[in-house]
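Q: model the structure of this input:
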Amino acid sequence: MSGLKNRKLLLIVTGGIAAYKTPELVRRLVERQVQVRVVMTKGAQAFITPLTLQAVSGNPVHDDLLDPAAEAAMGHIELARWADLIVVAPATASAMARLAHGFADDLFSTLCLATDAPIAVVPAMNRLMWAAPAVQRNVDLLKADGKLIWGPGEGSQACGEVGAGRMLEPHEILQQVTSFFDKTVAISAESKTLQGEHVVITAGPTREPLDPVRYLSNHSSGKMGFALAEAAAKAGAQVTLIAGPVHLATPAGVHRVDVESALDMQQAVAASLPDCTLFIGCAAVADFRAEQVGAEKIKKTADSDTMALTLTKNPDILAWVAEQPKAPFTVGFAAETQKVAEYAQAKLKRKGIRMIVANDVSNSALGFNSDDNAAEVFWYAATGEVTSRCFQQRSKTQLATDLIELISEQKHEQ
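A: As a prediction, the model looks like this:
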């Protein structure tokens with residue numbers, strides 16, 4: 001109950017048959033003392049009346065971008081700023097397309113552009129529509145923009161077909177809302193440990209081109225770095241996430257910069273450093289790149305079974321950040337397959353950084369491409385001695401929260 005009480009939820013109802021479920025959703029939210037306001041599109045009103053949702057929410061329903069009474073006080077901006085969370089349910093294929101492509105010609109789309117509140121999209125459509133490539137491209141765009149996608153479920157549909165595309169039931173949406181707010185309660189206003197900080201985080205692999213079609217890379221998924229960015233944002237920081245080539249949604253409230261190579265990443269880091277107070281190098285940056293990149297595809301030859309490549313060192317971004325005249329508090333990662341603690345402590349000293357997070361990537365249940373991780377963190381205590389703390393296996397989301405808490409604690413002590 002504590003995570004929901006007095007929360008402000010803006011429900012946007014678009015024009016799908018699943019709109020008939022929304023009064024039950026509103027009723028359940030209001031019972032849990034959530035403040036609910038409702039916006040309806042013109043299409044939604046073909047399935048359910050505004051009066052019904054006004055009755056269950058206890059608030060007037062909004063349906064017109066240019067309502068003279070509301071716009072006298074910039075009503076759509078007021079709504080956008082009021083919400084702690086915006087839920088679009090049902091979200092039709094058309095509504096998702098409009099949201100993905102930044103339309104702003106009705107109340108629904110304008111609100112979603114004019115808010116900094118998290119937006120959860122609850123899809124509802126025919127199974128073939130949901131599977132359509134255009135819809136899936138829009139889903140990818142929404143995820144990349146940091147939108148939450150809840151569902152869809154599977155089951156019988158109004159058209160008589162069975163499959164994926166059915167809107168989640170009211171109790172399932174309520175569970176999602178509860179889970180969302182429970183996570184925000186975990187880092188309360190009093191524990192905004194990184195308030196006022198600018199945190200720059202690198203994540204994912206780099207790709208070092210050999211020719212127009214081939215490259216050198218590694219197995220990093222970027223999940224740990226993205227989890228750290230989300231945790232840092234929740235801790236009150238301004239977060240810049242510099243990401244190598246990964247297919248992950250941008251965490252809410254995080255500024256994302258996409259890069260390919262190590263040189264690209266160093267350039268992006270340099271642009272973010274002037275006001276950076278905490279740098280976390282979580283990316284698996286390639287140590288080497290090709291000395292010469294082929295202008296055309298490198299062809300194999302019939303008279304040789306081998307090929308020689310000449311590689312040259314990439315910049316050591318982590319060490320480079322740490323040696324800047326006004327260096328931020330710098331934290332590195334060490335992904336090792338053996339002698340993890342020994343190699344991590346050597347890296348801590350060699351690179352001149354303040355902390356290092358070591359993990360064993362030889363364990364297939366942890367590290368690269370896994371949803372779980374474990375780590376041992378090493379840092380210099382006030383005495384100058386290296387001290388450490390172990391974090392046993394847990395989700396990367398939980399580990400990120402634990403690491404941000406530890407990093408903040410040590411940063412403020414030094």
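Q: just the strands in the stretch 151-300 of the chain please.
A: Using DSSP state E, counting those that start in this stretch, the strands of the stretch 151-300 of the chain run over 153-156, 162-166, 198-203, 208-209, 215-216, 238-243, 254-258, 278-281, 288-290.
Q: show me what the fourth one pairs with in its sheet, parallel or antiparallel.
A: As defined by DSSP bridges, the strand partners of strand 208-209 come to strand 215-216 (antiparallel).
Q: can you list contacts of the strand it pairs with?
A: With contacts defined as CB atoms under 8 Å, 6 or more residues apart in numbering, strand 215-216 is touched by Arg207, Glu208, Pro209, Leu210, Ala286, Phe288, Arg289, Ala290. Glycine gets a C-beta too; all of them are placed from N, C-alpha and C.
Q: cool, stretch 26-34 as well?
A: Residues outside stretch 26-34 that contact it (CB under 8 Å, 6+ apart): 1, 4-9, 11, 36, 38, 53, 56-58, 170-171, 174, 177-178.
Q: show me which of these are buried.
A: Neighbour-count burial (16 or more other CB atoms under 10 Å) is assigned, among the contacts of stretch 26-34, to 4, 7-9, 11, 36, 38, 53, 56-57, 170, 174, 177-178.
Q: including pLDDT and secondary structure, could those go into JSON lines?
A: JSON lines is the format used below for the buried ones among the contacts of stretch 26-34 (pLDDT from 0 to 100; DSSP: H, G, I helix; E, B strand; the rest coil):
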{"residue": "Leu4", "pLDDT": "85", "secondary structure": "coil"}
{"residue": "Arg7", "pLDDT": "92", "secondary structure": "coil"}
{"residue": "Lys8", "pLDDT": "94", "secondary structure": "strand"}
{"residue": "Leu9", "pLDDT": "96", "secondary structure": "strand"}
{"residue": "Leu11", "pLDDT": "97", "secondary structure": "strand"}
{"residue": "Val36", "pLDDT": "96", "secondary structure": "strand"}
{"residue": "Val38", "pLDDT": "96", "secondary structure": "strand"}
{"residue": "Leu53", "pLDDT": "97", "secondary structure": "helix"}
{"residue": "Val56", "pLDDT": "96", "secondary structure": "helix"}
{"residue": "Ser57", "pLDDT": "96", "secondary structure": "helix"}
{"residue": "Pro170", "pLDDT": "95", "secondary structure": "helix"}
{"residue": "Leu174", "pLDDT": "94", "secondary structure": "helix"}
{"residue": "Val177", "pLDDT": "92", "secondary structure": "helix"}
{"residue": "Thr178", "pLDDT": "89", "secondary structure": "helix"}
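Q: and the residues you listed as TSV, adding distance to Ala44?
A: As requested, these are exported to TSV (distance: CB to CB, whole Å):
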residue	distance to Ala44
Leu4	24
Arg7	23
Lys8	21
Leu9	17
Leu11	11
Val36	15
Val38	9
Leu53	9
Val56	15
Ser57	14
Pro170	16
Leu174	20
Val177	19
Thr178	24
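Q: and those residues, which two are the farthest apart?
A: In the buried ones among the contacts of stretch 26-34, two members sit farther apart than any others by CB to CB. They are Leu53 and Thr178, at 20.7 Å.
Q: domain assignment for this protein?
A: The chain breaks down into these domains under automatic domain parsing: 8-186, 192-413.
Q: how far off centre is the shortest one?
A: Going back to what we said before, that points to domain 8-186. With CA atoms, centre = their mean, to the nearest Å as the basis, domain 8-186 stands 20 Å off its chain's centre.
Q: check the last one too.
A: Centroid separation between domain 192-413 and its chain, computed with CA atoms, centre = their mean, is 16 Å.
Q: mean confidence score for it?
A: Averaged across domain 192-413, the pLDDT comes to 90.
Q: give me the nearest residue to the residue sitting nearest the centre point of the chain, chain neighbours excluded.
A: What sits nearest the mean C-alpha location of the chain, by CA atoms, centre = their mean, is Pro251, with 2.0 Å. With CB to CB, 6 or more residues apart in numbering as the criterion, Pro251 has its nearest non-adjacent residue at 3.7 Å, and that residue is Glu230.
Q: measure that neighbour to Ala44 for me?
A: The spacing between Glu230 and Ala44, counted by CB to CB, to the nearest Å, is 32 Å.
Q: can you give me the helices for the stretch 201-350 of the chain?
A: Assigned by DSSP state H, counting those that start in this stretch, the helices in the stretch 201-350 of the chain fall at 223-234, 262-272, 317-322, 340-351.
Q: would a markdown table of those with distance to Pro118 and mean neighbour count be doable?
A: Shown next, in a markdown table, are the helices of the stretch 201-350 of the chain (distance: least, CB to CB, whole Å; neighbours: other CB atoms under 10 Å):
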| stretch | distance to Pro118 | mean neighbour count |
| --- | --- | --- |
| helix 223-234 | 11 | 27 |
| helix 262-272 | 24 | 19 |
| helix 317-322 | 30 | 21 |
| helix 340-351 | 35 | 16 |
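Q: want to try a markdown table for those, with distance to Gly332 as columns?
A: A markdown table is the format used below for the helices of the stretch 201-350 of the chain (distance: least, CB to CB, whole Å):
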| stretch | distance to Gly332 |
| --- | --- |
| helix 223-234 | 12 |
| helix 262-272 | 13 |
| helix 317-322 | 5 |
| helix 340-351 | 6 |
